[in-house]
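Chemist: Provide a 3D model corresponding to the input given below.
(4 chains)
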2 protein chains.
Amino acid sequence: MARKRFDDSNCSVARALNQVGDWWSLLIVLHAMYGTRRFVDFQQELGIAKNILCDRLARLVDNGVLKRVEVGEHGSRFEYRLTEKGRDLFPVVIALRQWGDKWNPSPDEAPLDLRDRVTGQSIQPVQVQNAEGEPVTVRDVFVSKEPMPGSKKDSA
Amino acid sequence: MARKRFDDSNCSVARALNQVGDWWSLLIVLHAMYGTRRFVDFQQELGIAKNILCDRLARLVDNGVLKRVEVGEHGSRFEYRLTEKGRDLFPVVIALRQWGDKWNPSPDEAPLDLRDRVTGQSIQPVQVQNAEGEPVTVRDVFVSKEPMPGSKKDSA
DNA sequence: TTAATCTGGTTTTAATATGCAACTCTATTA
DNA sequence: TAATAGAGTTGCATATTAAAACCAGATTAA
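Modeler: From the prediction side, this is the model:
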């Protein structure tokens, strides 16, 4: 049977997964962040079948994560570039990468090191922070359904 | 043909997606973070088919994201609880949720508000930070393959 | 103590999705 | 003009998914 879709779920995680929650999409976004733009480059770097790549690129373009740009110099050549929405997946991808590095380290290779372009220093682990900037875990938070009118101290 | 697997990819994102990169796994983890532990509760909250839920729970247990705990009071009842590895997906899930809230807001519902249990304040957006704690985007970083011997200033 | 129910699963079946290879079409290059 | 590259599309065999039926051990209900 068909895969279930979550477009109209009222859970934003479900809706997000609907757009980038399959095996390939986030990898495509990742490579786009690393600089890949061309169909053939995605195909070779990822080892993905061309029809699947077509489908995923089209879906990502439909969802506004990528945009398809005609690089017209020579005719019908295209580039797929991240939109702001796509670039905004950066924390997701990095959090996932750090989780993978921590819990499923590659046996033979050192993890890639991401560094600040100006300082050359490694970036920090992505963490969830409270209003004071202190890291919090899942145990430190609760879910409030209220739209947060004025940030009360009590639990409402 | 079979889905392609990334167990032995030297990309940690690919390996991470191999464990939690399907449509359901992260949603299961999300609900586990919200407190769900029982098979039937997952099934009803997610609207997932039982065979798929079985498969995903087993895979998450195999991968060390969940652990299966026998709650023996009455016999064969089980709970699925997050391990530390599973809880460590918190930044990933939250980043994804915030991305979804920002770019695919629910037409009718206000996004859930996550708050610090002690202060009652909303948590901050997840962001990637450089060594100084300043937020960086994908454009502010570069990838270094070196294992970072002494944090040189030049691009190596 | 027999029947109904809950829980956590497995099996069956049909619909989809995936991966591969082959093919198309346009534009460049030899 | 032929060959090649980029970006797809199509056909087919196989895997995966979803829904629903079925199963088996415990619990409750009568």
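
Chemist: When you work out contacts or count neighbours from here on, use the C-alpha atoms and nothing else.
Modeler: Fine.

Chemist: where does chain A have low pLDDT?
Modeler: Within chain A, the ranges that satisfy pLDDT under 70 run A:1, A:72-75, A:146-156.

Chemist: Show me which residues of it are close to DNA strand D?
Modeler: Selection of chain A residues close to DNA strand D by Cα under 7 Å from any atom of the strand yields A:1-4, A:38-41, A:50-51, A:54-55, A:76-79.

Chemist: mind redoing it with 10 Å?
Modeler: Residues of chain A lying near DNA strand D by Cα under 10 Å from any atom of the strand: A:1-6, A:22-23, A:37-44, A:49-58, A:68-71, A:74-80.

Chemist: Check the residues you listed one by one and keep those near chain B.
Modeler: A:22-23 (Cα under 8 Å from any Cα of the partner chain).

Chemist: Kindly supply the ChimeraX command isolating those of the residues of chain A next to DNA strand D that are buried.
Modeler: This is the ChimeraX syntax for the buried subset of the residues of chain A next to DNA strand D, where burial follows 16 or more other Cα atoms under 10 Å in any protein chain shown:
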select /A:6,22,23,37,39,42,43,53,56,57,58,68,80
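
Chemist: any chance you could map the strands in chain A?
Modeler: Remark: strands assigned in chain A by DSSP state E are A:66-70, A:78-82, A:113-116, A:141-144.

Chemist: got a markdown table for the ones you listed, with distance to B:E134 too?
Modeler: Below are these laid out as a markdown table (distance: least, Cα to Cα, whole Å):
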| stretch | distance to B:E134 |
| --- | --- |
| strand A:66-70 | 26 |
| strand A:78-82 | 22 |
| strand A:113-116 | 10 |
| strand A:141-144 | 23 |
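
Chemist: of all those strands, which lies closest to B:V136?
Modeler: Proximity to B:V136, assessed across the strands of chain A by Cα to Cα, is greatest for strand A:113-116 (7.7 Å).

Chemist: What is the closest one packed up against?
Modeler: Applying 3 or more Cα pairs under 8 Å, 6 or more residues apart in numbering or on different chains; DSSP states H and E, we find strand A:113-116 packed against strand B:141-144.

Chemist: Residues contacting the strand it packs on, please?
Modeler: Residues outside strand B:141-144 that contact it (Cα atoms under 8 Å, 6 or more residues apart in numbering or on different chains): A:34, A:112-117, B:156.

Chemist: Tell me the strands beside that strand, with direction?
Modeler: According to DSSP bridges, strand B:141-144 has the following sheet partners: strand A:113-116 (antiparallel).

Chemist: excluding its backbone neighbours, what's nearest A:V65?
Modeler: Distance criterion Cα to Cα, 6 or more residues apart in numbering or on different chains; nearest residue to A:V65, sequence neighbours excluded, is A:G86 at 4.2 Å.

Chemist: do the same with A:I123
Modeler: B:N130 (4.3 Å).

Chemist: Helices of chain A, start to end?
Modeler: A:12-20, A:25-33, A:39-46, A:50-62, A:84-87, A:90-103 (DSSP state H).

Chemist: quick one: which of those helices is nearest DNA strand C?
Modeler: helix A:50-62 (5.5 Å; Cα to the nearest atom of the strand).

Chemist: Specify the angle between that closest one and helix A:12-20 in degrees.
Modeler: Interaxial angle of helix A:50-62 relative to helix A:12-20 (axes from the mean of the first three to the mean of the last three Cα atoms, to 10 degrees): 130 degrees.
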